[in-house]
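> Provide a 3D model corresponding to the input given below.
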Amino acid sequence: MTCLGTIAAVATSLTLAATEPVVIGTDAPFPAYTYVDEAGTITGFERDVMDQICDRARLVCAWELAHFDQLIPGVMSGEFDVVLGGMAVNDERRMLVDFTQSYYGTDPEEWYIGRPGAAPPATALTAVQSGTVHEAHLRRLGLRYKSYTTEPEVLEALRSGAVDLALGPFETRPDIEDYVEANGLDFLYSDMIPDDGVAMAVCKGNSDLLDTLNAALDAMRADGTLATLESRWFN
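Below is the predicted model of the structure:
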């Protein structure tokens with residue numbers, strides 16, 4: 001598969017600049033990966049990682065917000081050059097896009113939240129964000145679920161009683177823990193959803209940009225920058 005849209009031309013050398021802005025698409029409700037702060041700025045671990053890459057590779061980078069289920073289709077069509085935001089790498093997604101090397105590991109245990117006494121996933125109706133590995137997991141198991149465009153919509157469906165459970169990247173999120181406690185919910189059931197870590201995605205065949213991103217990540221790993229950023233945001 002080749003890119004369907006116009007992709008920013010970049011040099012593979014870290015010393016050369018891109019001739020056009022590199023458009024970065026992200027969904028940003030996921031502290032500490034990416035989120036919008038009180039000033040309205042996209043921030044977080046992956047914002048810092050990408051800012052480092054843009055600086056080292058001398059890329060002119062522009063950020064755009066989109067719903068999570070628009071990210072991979074957007075990079076495939078050329079609307080975005082790079083997409084990121086807690087994006088887990090798996091074989092299903094590798095068929096659609098090319099991923100950089102992974103720069104953060106994930107815990108394969110994912111949790112369903114709901115009110116104490118809620119039915120188990122096998123019989124419950126579960127809310128999930130569309131386009132996520134969690135939705136793919138429910139679909140693969142043949143479980144009942146309802147997809148929502150955004151995570152706040154998922155959580156509101158659970159709070160309002162429209163669904164029995166919600167499945168998502170909840171356990172390590174202080175913001176979700178606060179929401180769970182405030183609304184009388186709990187972490188009820190878990191499933192293993194393994195992946196190959198978190199990475200950025202580019203359109204299949206966009207090897208120049210992919211090489212540029214990986215070269216910058218290699219340099220950041222070698223000089224300790226990745227470890228420093230990980231420690232800042234996750235420890």
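> Which strands border the lowest-mean-pLDDT helix or strand in the chain, and is each parallel or antiparallel?
One helix or strand of the chain scores below all others by mean pLDDT, DSSP states H and E: strand 29-30, with a mean of 87. Sheet pairing for strand 29-30, assigned by DSSP bridges, gives strand 34-36 (antiparallel).
> buried ones in the strand it pairs with?
Buried residues in strand 34-36, counted by 16 or more other Cβ atoms under 10 Å: T34, Y35. Placement of C-beta: from N, CA and C, glycine included.
> same question, stretch 140-152
L143, Y145, K146, S147, Y148, E151.
> so what's the first one closest to, chain neighbours aside?
Yep, that's L143 we're talking about. Closest residue to L143 in three dimensions, ignoring its sequence neighbours and counting by Cβ to Cβ, 6 or more residues apart in numbering: P121, at 5.6 Å.
> The one you found: what's it in contact with?
By Cβ atoms under 8 Å, 6 or more residues apart in numbering, the contact set of P121 is Y112, L138, L141, L143, L165, L167, Y189, D191.
> For this protein, which segments count as helices?
45-56, 71-77, 91-94, 133-141, 151-160, 174-182, 207-222, 225-234 (DSSP state H).
> Identify whichever of the ones you listed lies nearest to A62.
When these are compared by Cβ to Cβ, helix 45-56 sits nearest A62, at 9.8 Å.
> elements contacting that closest one?
Under the contact criterion of 3 or more Cβ pairs under 8 Å, 6 or more residues apart in numbering; DSSP states H and E, helix 45-56 touches strand 22-26, strand 34-36, strand 61-65, strand 82-84, helix 207-222, helix 225-234.
> Comparing these, which comes out most buried?
strand 82-84 (a mean of 27; mean count of other Cβ atoms under 10 Å).
> Packing partners of it?
Secondary-structure packing of strand 82-84 (3+ Cβ pairs under 8 Å, 6+ apart): strand 22-26, helix 45-56, helix 71-77, strand 201-203.
> Can you add distance to A127 and mean pLDDT and give the ones you listed back as CSV?
Output for the helices and strands packed on strand 82-84, formatted as CSV (distance: least, Cβ to Cβ, whole Å; pLDDT from 0 to 100):
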stretch, distance to A127, mean pLDDT
strand 22-26, 22, 97
helix 45-56, 25, 98
helix 71-77, 20, 97
strand 201-203, 25, 98
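> could you redo these as TSV and give each row distance to W63?
TSV is the format used below for those (distance: least, Cβ to Cβ, whole Å):
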stretch	distance to W63
strand 22-26	5
helix 45-56	8
helix 71-77	13
strand 201-203	15
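> Of all these, which one comes closest to F234?
Among these, helix 45-56 comes nearest to F234, with 7.0 Å by Cβ to Cβ.
> What residues of the closest one count as buried?
By neighbour count on 16+ other Cβ under 10 Å, the buried set for helix 45-56 is F45, E46, R47, D48, V49, M50, Q52, I53, C54, R56.
> Pop out the phi and psi values for the residue sitting furthest away from the middle of the chain.
Ranked by distance from the centre of the chain (Cα atoms, centre = their mean), the top residue is G117, with 30.6 Å. Dihedral angles of G117 (phi, psi; degrees, to the nearest 10) stand at phi 90, psi 0.
> With L185 as the reference, measure out to it.
Here G117 is placed at a distance of 11 Å from L185 (Cβ to Cβ, to the nearest Å).
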